[in-house]
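>>> Return a 3D structure for these sequence lines:
(one chain, ligands or ions: 1)
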Amino acid sequence: MSTFQYLWRLIMYRPLRYFVNALAWTVIYLAPILPGLITKQFFDSLTGNSSLGYGVWGLIALLIAAALGRICLIIIGFITDVHFRFRMGMLLRRNLLEHVLKQPGAQAIPVSPGEAISHFRDDVDQSEEAASWSVDVFGLTCFAIVSGFILIRIDAQMTLLVFLPIVLVITAAQLATVRLQKYRAASREATSRVTGEISEMFGNVQAIQVAGAEKRVIDRFRSFGDDRRKAMLKDRLMTELLDSVFSNSVNLGTGLILLLAGTKMRAGAFTVGDFALFVYYLTFVTQFITNVGKFITYFKQMSVSLERLTFLLQGASAKVLTMVNSLHLTQKASKRSVGEQNESVAQKSGAEQTERATIGSEAALRRLDVNGLSYAYADSGRGISNIHFSLQRGSFTVVTGTIGSGKTTLVRSLLGLLPKEEGTIAWNGVPVEDPGTFFTPPRSAYTAQVPRLYSDTLRNNILLGQAEQSDSLQQALHAAVLEYDVAQLPGGLDTVIGPRGVKLSGGQAQRTAAARMLVRDAELYVFDDLSSALDVETEQKLWERMFQRRSDATCLVVSHRKTALTRADHIIVMKDGRIEAEGTSEELLQQSATFRELWYGDERQSE
Ligand SMILES: Nc1ncnc2c1ncn2[C@@H]1O[C@H](COP(=O)(O)OP(=O)(O)OP(=O)(O)O)[C@@H](O)[C@H]1O
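Numbers count the residues shown, from 1 in each chain. Here you go, the predicted structure:
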């Protein structure tokens, strides 16, 4: 999509508002025509050349009335402009956010959160700025045409000298465009890197302290800061240079007019009023020229912003940005977001209850088939390849394997948190078209390897917006072996657990994530290495209680712990992104060297 199409589509989101805004600002910019003519009459009346019979005080009163009228118009203009800008900016942010939330959760944004915030903030502002300035250019052009017509009728030669600089300015701006665009892109990029680095530093304070890496981190931050300073300086310098070219070419024109007017006035072909009118209009013509230049600059910067925003879309069409939508995210989009953001599939209670009722016996899981599932990370080329397995209702399947063998990638691809490249998934024999939206409660619930918790109460972290039903929360706490921990917390379930749950131990955070999953009665439970921070006894209890509560639950569990492996009906051993072996623990102890290594490795660790 070209920058012009982008601008046009933004305008067409609310054409009436744009039209009203353009109309308001055109009237505002045309308004000085009147005081210009009054000023001309005022000076002509002083020299006895005025044909109007209002007298000096009458003309002063008219000037004051014109000024007050313009003030009122400007107030109206700001109101229409704010409304128009707000809607454009919000549409871009809304569409971008919806797109991000619809992406497979594990790959929602291609940059760090800090960089993404910079795109949402700066690039949207830049686009808004250019669209808003197009209104001013239109209004000022109208003024230039009307005033040009009046001035040509007074003196065509001098009028030419007023407008000549316009040609110069536009030519200069066009020549500088390529360079300005380059500098703007570099400065935005550098700003994103600095913002990204700040968010990384704030998110990893503990890791930095433990590694004694403060100096290295600060040096790195300083080097990003230096790069940003240089890039911003070039960008600013170029912008100012262009600005000064714009205003100086106008000043040059003003000087020429003054010289010419002097000669003409001496010859009697030019009145004092004509001179006042020229000088009066010149201020606005200057504004016109400067603002046309500014708009050209903003338009070029808009094209950089468009590129950066399109990058966030990860291959989707840029039209997504300007799609006509209500400014509120639909319930469907926000519903999807909760699951993806948390990498745990969690939904709103009302929708959930309705969906549960509609699932009925037909959609209750009897069998899940995965055939030829493949996914490779674009940057490392690693991932999973040609994965086949089936899960029967009520079964407990463990995916195990060496570090980096593809276990997490497997469950993420199955649940649509990564976009599968090949393969099919069938729920009771029916193909699942969009796993990302299908594998949500009450069909399935998932706990990621690293639980994502919020700075909120423990209760809200578990419920995530779901309404509490009778004793469902207590049951989930019990099944997740969390009831004793809750009793110890000062505020019980209403204890605020700090940013990312820092006030909880690793094991408590994992069991909180398990409770979040178990409070949503799902057909399929997917646990990714849930037990890594649990002792054997707690893990044992957790599995026992879960099956006491839901004997028909189907579980897919990523683990290398014997507690899970001995309980498994079926074990899948992964190696280098492929299934190396399958079977029960007894069978695999006979057949698979990798499995033996994992089994005895865990034994050694326990000892
Ligand atoms: N975001 C990513 N980008 C590129 N490569 C990745 C990414 N995530 C994982 N990989 C690579 O894909 C392979 C499989 O990773 P995965 O996380 O699925 O392994 P795993 O078996 O779950 O490992 P672990 O036991 O350590 O959790 C690894 O070689 C890893 O380096």
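
>>> Scan this structure for its longest helix.
helix 214-266 (DSSP state H).

>>> average pLDDT for that helix?
Average pLDDT, helix 214-266: 83.

>>> Hey, what's the angle from the very next helix or strand once past that helix to helix 214-266? Just curious.
For helix 214-266, the following helix or strand on the C-terminal side (DSSP states H and E) is helix 272-312. On the basis of axes from the mean of the first three to the mean of the last three C-alpha atoms, to 10 degrees, helix 272-312 is oriented at 150 degrees to helix 214-266.

>>> Please pull out the lowest mean pLDDT helix or strand from this structure.
When each helix and strand of the chain is scored by mean pLDDT, DSSP states H and E, helix 331-342 comes last, with a mean of 44.

>>> before we move on, back to that, for the longest helix of the chain, the distance to its chain's centre please.
Offset of helix 214-266 from its chain centre (C-alpha atoms, centre = their mean, to the nearest Å): 31 Å.

>>> and Glu115, that one's in a strand?
No. Counting by DSSP: H, G, I helix; E, B strand; the rest coil, Glu115 is not found in a strand; it is helix.

>>> Please verify my assumption that it contacts Thr195.
Yes. Assessed by C-beta atoms under 8 Å, Glu115 is found in contact with Thr195 at 6.3 Å. (Glycine included, C-beta is placed from N, CA and C.)

>>> Who are the contact partners of the residue nearest to the spatial centre of the chain?
By C-alpha atoms, centre = their mean, the chain has its centre lying nearest to Phe120, at 4.5 Å. Applying C-beta atoms under 8 Å, 6 or more residues apart in numbering to Phe120 gives the contacts 93, 96-97.

>>> Just the residues you listed: which are in helices?
Per DSSP H, the subset of the contacts of Phe120 in helices is 93, 96-97.

>>> most surrounded residue in those?
Leu96 (21 neighbours; other C-beta atoms under 10 Å).

>>> pretty sure it is touching Leu321, no?
Yes. With contacts counted by C-beta under 8 Å, Leu96 reaches Leu321, the gap being 6.5 Å.

>>> Are there residues contacting both of the two? Which ones?
Contacts common to Leu96 and Leu321, judged by C-beta under 8 Å, 6+ apart, are 309, 313.

>>> Show me what from the chain comes close to the ligand.
Applying C-beta under 6 Å from any ligand atom, one finds that the chain approaches the ligand through 377, 379-380, 382-383, 401, 403-409, 449.

>>> change it to 5 Å
Contact residues (C-beta under 5 Å from any ligand atom) of the chain with the ligand: 377, 380, 382, 403-409.

>>> Buried ones among these?
Among these, those buried by neighbour count (16 or more other C-beta atoms under 10 Å) are 405-409.

>>> pLDDT and secondary structure added to the residues you listed, as a markdown table?
What follows is those, written out as a markdown table (pLDDT from 0 to 100; DSSP: H, G, I helix; E, B strand; the rest coil):
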| residue | pLDDT | secondary structure |
| --- | --- | --- |
| Ser405 | 89 | coil |
| Gly406 | 90 | coil |
| Lys407 | 91 | helix |
| Thr408 | 91 | helix |
| Thr409 | 92 | helix |
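
>>> tell me which element the residue of the stretch 151-300 of the chain found nearest the ligand is part of?
In the stretch 151-300 of the chain, the residue that lies nearest the ligand is Glu200 (15.7 Å; C-beta to the nearest ligand atom). In this structure, Glu200 sits in helix 156-203 according to DSSP H and E.

>>> Tell me the helix or strand right after that helix.
Downstream of helix 156-203, the first helix or strand assigned by DSSP H and E is helix 205-210.

>>> what separates that next one from the chain centre, distance-wise?
Centroid separation for helix 205-210 versus its chain: 28 Å, with C-alpha atoms, centre = their mean.

>>> Let's see that helix as PDB, backbone CA atoms only.
Taking Å, rounded to 0.1, in the frame of the first residue of the first chain, the C-alpha atoms of helix 205-210 are listed here in PDB:
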ATOM      1  CA  VAL A 205      16.900  -6.700  37.300                       C
ATOM      2  CA  GLN A 206      17.400  -9.800  39.300                       C
ATOM      3  CA  ALA A 207      19.200 -11.700  36.500                       C
ATOM      4  CA  ILE A 208      21.500  -8.700  35.900                       C
ATOM      5  CA  GLN A 209      22.300  -8.400  39.600                       C
ATOM      6  CA  VAL A 210      22.900 -12.100  40.100                       C
END
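
>>> So that it lines up with my notes, have the first residue be 55 from now on.
New numbering, starting at 55: the last item is helix 259-264.

>>> Could you list every helix and strand that that helix packs against?
Judged by 3 or more C-beta pairs under 8 Å, 6 or more residues apart in numbering; DSSP states H and E, helix 259-264 is in contact with no other helix or strand.

>>> Can you report how many residues neighbour the spatially closest residue to Tyr72 that is not a sequence neighbour?
With sequence-adjacent residues excluded and distances taken as C-beta to C-beta, 6 or more residues apart in numbering, Tyr72 is closest to Ile65, at 4.8 Å. For Ile65, the neighbour count with other C-beta under 10 Å is 20.

>>> again, but for the one 10 residues further on
Neighbour count for Asn75, taken as other C-beta under 10 Å: 28.

>>> Which helix or which strand is home to it?
helix 69-84.

>>> Can you give the distance of that helix from its chain's centre?
Computed by C-alpha atoms, centre = their mean, the chain-centroid distance of helix 69-84 equals 30 Å.

>>> in it, what's buried?
For helix 69-84, a neighbour-count test (16+ other C-beta under 10 Å) marks 71-72, 74-76, 78-84 as buried.

>>> How about residues contacting stretch 429-436?
Contacts to stretch 429-436, defined as C-beta under 8 Å, 6+ apart, come from residues 437-439, 458, 460, 463, 466-467, 472-475, 631.

>>> And the furthest pair within those?
Longest distance between any two of the contacts of stretch 429-436 is 20.4 Å, between Gly458 and Pro473; criterion C-beta to C-beta.

>>> quick revisit: tilt between the longest helix of the chain and helix 210-257?
Angle between the axes of helix 268-320 and helix 210-257 is 170 degrees (criterion: the same axes, to 10 degrees).

>>> ok, of the buried residues of helix 69-84, which one's closest to Val550?
Nearest to Val550 among those is Arg71, at 42.3 Å by C-beta to C-beta.

>>> which residue sits closest to that closest one in space, ignoring its chain neighbours?
Excluding the flanking residues, the one nearest Arg71 by C-beta to C-beta, 6+ apart is Phe138, at 4.8 Å.

>>> So what's the residue count around the one you found?
26.

>>> show me what contacts it?
Phe138 makes contacts with 68, 71-72, 75, 185-186, 189, as judged by C-beta under 8 Å, 6+ apart.

>>> my guess is Phe96 meets Leu113, correct?
Yes. The pair Phe96 / Leu113 is scored as a contact, 4.5 Å apart, by C-beta under 8 Å.

>>> thinking again about what came up before, wait, doesn't the residue of the stretch 205-354 of the chain closest to the ligand sit right on Ser166?
Yes. At 6.3 Å, Glu254 counts as touching Ser166 under the criterion of C-beta under 8 Å.

>>> gap between the residue nearest to Arg71 and the ligand?
Phe138 sits 41 Å away from the ligand, taking C-beta to the nearest ligand atom, to the nearest Å as the criterion.

>>> Brilliant, that's me finished.
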